[in-house]
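>>> Need coordinates for the below:
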Amino acid sequence: MTHTFKLRSTLIFLLFVVLYIGIITNLYIIQIRQHPFYSKLAQQQYNVTLTQRPPRGLIFDRTGNNYLAMNKEYVAAFILPLQLKHPEKTISLLKNHFPHAYNRLQKHNGKHFMFIKRRLSPSEQTLLATEKDHDICLLTEPGRYYPLACAIPLVGLTNIDNKGLMGIELLYDHVLAGNPTTYHLEKDARSGYYYFKKETTIAGDMGKPLRLTIDADIQFLVQEALRTHIEQFNAQEGAVIIMNPINGEIIALVSYPYFDPNRSVATQAYLFKNHSITDAYELGSVIKVCAAVAALEEEVVTPDELIDCRNTKTTIIDGRVINTVKAHGVISFADVIALSNNIGIALIAKRLDKKLYEHYKRLGFGTKTGINFPGENSGFVNPPEKWSKQSIISLSYGYEISATLLQLACAFCTIATGYTIKPILVIDPELPVPHKNQLYSEKTIHTIKTILEHTTRHGTARRAEIKGYRIMTKTGTANMLIDGVYRSDKNIYTCAGIIEKDDYQRVIVTFIKEAEQAHMYAATVAVPLFEKVAEALLIHDKIIS
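Model prediction:
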């Protein structure tokens, strides 16, 4: 009996020993050997790490009082696919209201974290708030709001992650963006809700603000004038630039059409572009001013010299046919520019020969302006080694040379002062004042400005004259080159000019592309727009007589 009892006791003891050894071994495996696995599993169940960028630096206009880019809180929706408590309800909700997210979930159902949609609309937020028993959670994210939609081609945009996508937002992304912050998103085990912890894993910092040279009020006034003008002529595109020729600051830079990113998403790529900087055109007769500057500086002509324009609309020079709009006989060189006679300017350009190319390059054509704007076009000037017999003739009145409107504006800034100019978009007091080189003599600048003033009063730009101001303008009407053929029914119209009164100077360039009515000229299309813009500018600047 005693022996049997001892045997049973021993067996029970050994059984418990084996059980304890099994338990200890299992605990060792779980807590020691498999600790990383279970620790990671726990973190997956209760913790989410989310990196967010801080609100971007604000963008102001030149006054510092008007916003060009602001920050706004947007609401995003997300799920944790591995931890769905109500999968049927959640999947049904996604399928019916967020089909794109539903498709992504079907393809990537093993993801730990998945955005349903960023920047929810008010109706979508209401839907998620009223629907119950689903696993969709909400969080706020910083985004961008643009108060002045017509400045978008210049200011630019950010993408869904609030990163610079185009324009100033892209160029100065490193300044505006700041550094991101990493948040720890943790589940409350009792309530089952998710919340952001107060502490952060990695602390970021705010982006720095920017102040542009643009005046928001002028930008809006110009946009309104441009919009109504394009509607009047049923044109395809238009643009206006206003610059201060003394320091190169761009006061307004408007392209039309544009889109409002606060209300819609652009589906056409050209709506994103700032055409004044990114597109180059053969601008036609407005380039005659630059040929005239070259001729005056090289002293191959004087403003009073009489030029025989042969009293015909069509003539032949060096075997090449030249057409001009109106026939003129013997007229002064000043009138050649004022009346925009192609024959007269071609005869003077032949005296310059290769020096014409050198002066075009001196005025900045064929080279980027230095504005350092994304997508800037350098344009093109046909070099002498590639010239045909036609080239010197074509170059004299704006063909075989393509330029952006910004390049044209900068050239007129040089004509206004005689000095080099670099366009400026961002006001930065810490940057040194750029050194200016005198490109043209005071005599040449005085003479060409007198010719341009004569052009406004008696030539192709008479409608641009404003009483009490010195207005110096030149127009250009050019056929567009389409599929290798110059189309007389597809034109661009330009008016570039200088406004002066005492110490006040501004350069304005107006541009209209493809007005619906055929056989029109810049004098009737671009010049009236110049007048509207100039009057709005002068009233705003409070110096109008």
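>>> quick one, helices of the stretch 101-250 of the chain?
Secondary structure of the stretch 101-250 of the chain by DSSP state H, counting those that start in this stretch: the helices cover 122-130, 152-155, 167-171, 173-176, 216-233.
>>> For the fourth one, which residues meet the burial criterion?
Looking back up the chat, that one is helix 173-176. Across helix 173-176, burial judged by 16 or more other Cβ atoms under 10 Å covers Asp173, Val175, Leu176. Every C-beta, even on glycine, is put in place using the N, C-alpha and C of the backbone.
>>> Packing partners of it?
Packing contacts for helix 173-176, counted by 3 or more Cβ pairs under 8 Å, 6 or more residues apart in numbering; DSSP states H and E, involve no helix or strand.
>>> Show the average pLDDT along it.
Per-residue pLDDT values across helix 173-176 average out to 92.
>>> I'd like the distance from it to the chain centre, please.
15 Å (Cα atoms, centre = their mean, to the nearest Å).
>>> What lies in contact with it?
Arg56, Gly57, Ile59, Lys163, Gly164, Glu169, Gly207, Lys208, Pro209, Leu210 (Cβ atoms under 8 Å, 6 or more residues apart in numbering).
>>> Mark which of those are buried, thanks.
Of the contacts of helix 173-176, these count as buried by 16+ other Cβ under 10 Å: Arg56, Gly57, Ile59, Gly164, Glu169, Gly207, Leu210.
>>> what about the first one, distance to Lys288?
Read that as Arg56. Taking Cβ to Cβ, to the nearest Å as the measure, Arg56 and Lys288 are separated by 45 Å.
>>> Asp353 against Ile392, yeah?
Yes: if you go by Cβ atoms under 8 Å, Asp353 and Ile392 touch, sitting 6.8 Å apart.
>>> And the two? Which one has more around it.
Neighbour tally, Asp353 and Ile392, criterion other Cβ atoms under 10 Å: the higher count belongs to Ile392, 25 against 13.
>>> Mind telling me what element the more buried one is part of?
helix 391-396 (DSSP states H and E).
>>> what's in contact with the helix or strand just after that helix?
Remark: after helix 391-396, the chain's next helix or strand is strand 401-402, criterion DSSP H and E. With contacts defined as Cβ under 8 Å, 6+ apart, strand 401-402 is touched by 280-283, 287, 360, 365-366, 379-382, 395.
>>> immediately after strand 401-402, which helix or strand?
helix 405-417.
>>> re earlier: what would the contacts of strand 401-402 look like in a markdown table with pLDDT?
Output for the contacts of strand 401-402, formatted as a markdown table (pLDDT from 0 to 100):
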| residue | pLDDT |
| --- | --- |
| Ala280 | 96 |
| Tyr281 | 95 |
| Glu282 | 95 |
| Leu283 | 96 |
| Ile287 | 97 |
| Tyr360 | 98 |
| Phe365 | 97 |
| Gly366 | 96 |
| Gly379 | 96 |
| Phe380 | 97 |
| Val381 | 97 |
| Asn382 | 97 |
| Leu395 | 96 |
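>>> Give me the buried subset of the residues you listed.
Buried among those by 16+ other Cβ under 10 Å: Ala280, Tyr281, Glu282, Leu283, Ile287, Tyr360, Phe365, Gly366, Gly379, Val381, Asn382, Leu395.
>>> Of these, which is the nearest to Gly238?
Gly238 has its nearest neighbour among the buried ones among the contacts of strand 401-402 in Tyr281, at 12.7 Å by Cβ to Cβ.
>>> my guess is the closest one meets Tyr493, correct?
No: counting by Cβ under 8 Å, Tyr493 is not a contact partner of Tyr281; they are 10.8 Å apart.
>>> Now do the end-to-end distance for stretch 366-383.
Terminal residues of stretch 366-383 lie 10 Å apart, using Cα to Cα, to the nearest Å.
>>> Can you give the contact residues for it?
Under Cβ under 8 Å, 6+ apart, the answer for stretch 366-383 is 156, 166-167, 170-171, 273-274, 277-280, 357, 360-361, 365, 391, 395, 400-404, 406-407, 410, 422-425.
>>> Then stretch 91-108?
Under Cβ under 8 Å, 6+ apart, the answer for stretch 91-108 is Ala77, Ile79, Pro81, Met114, Phe115, Ile116, Lys117, Glu124, Leu127, Glu131, His134, Ile136.
>>> Mind doing that once more with 6 Å?
With Cβ atoms under 6 Å, 6 or more residues apart in numbering as the test, stretch 91-108 has contacts from Ile116, Lys117, His134.
>>> Also stretch 507-518?
By Cβ under 6 Å, 6+ apart, the list of residues contacting stretch 507-518 reads 233-243, 245, 405, 408-409, 412-413, 489-490, 492-498, 525-526, 529-530, 533.
>>> Buried by neighbour count, from the residues you listed: which ones?
Listed as buried from those are 233, 235-243, 245, 405, 408-409, 412-413, 490, 492-498, 525-526, 529-530, 533; burial here means 16+ other Cβ under 10 Å.
>>> before we move on, back to that, show me the buried ones among the contacts of strand 401-402 that map onto strands.
Among the buried ones among the contacts of strand 401-402, DSSP state E puts Val381 in strands.
>>> okay, the buried ones among the contacts of strand 401-402 in JSON lines with distance to Leu339 next?
Output for the buried ones among the contacts of strand 401-402, formatted as JSON lines (distance: Cβ to Cβ, whole Å):
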{"residue": "Ala280", "distance to Leu339": "27"}
{"residue": "Tyr281", "distance to Leu339": "23"}
{"residue": "Glu282", "distance to Leu339": "21"}
{"residue": "Leu283", "distance to Leu339": "18"}
{"residue": "Ile287", "distance to Leu339": "16"}
{"residue": "Tyr360", "distance to Leu339": "22"}
{"residue": "Phe365", "distance to Leu339": "24"}
{"residue": "Gly366", "distance to Leu339": "28"}
{"residue": "Gly379", "distance to Leu339": "27"}
{"residue": "Val381", "distance to Leu339": "25"}
{"residue": "Asn382", "distance to Leu339": "26"}
{"residue": "Leu395", "distance to Leu339": "20"}
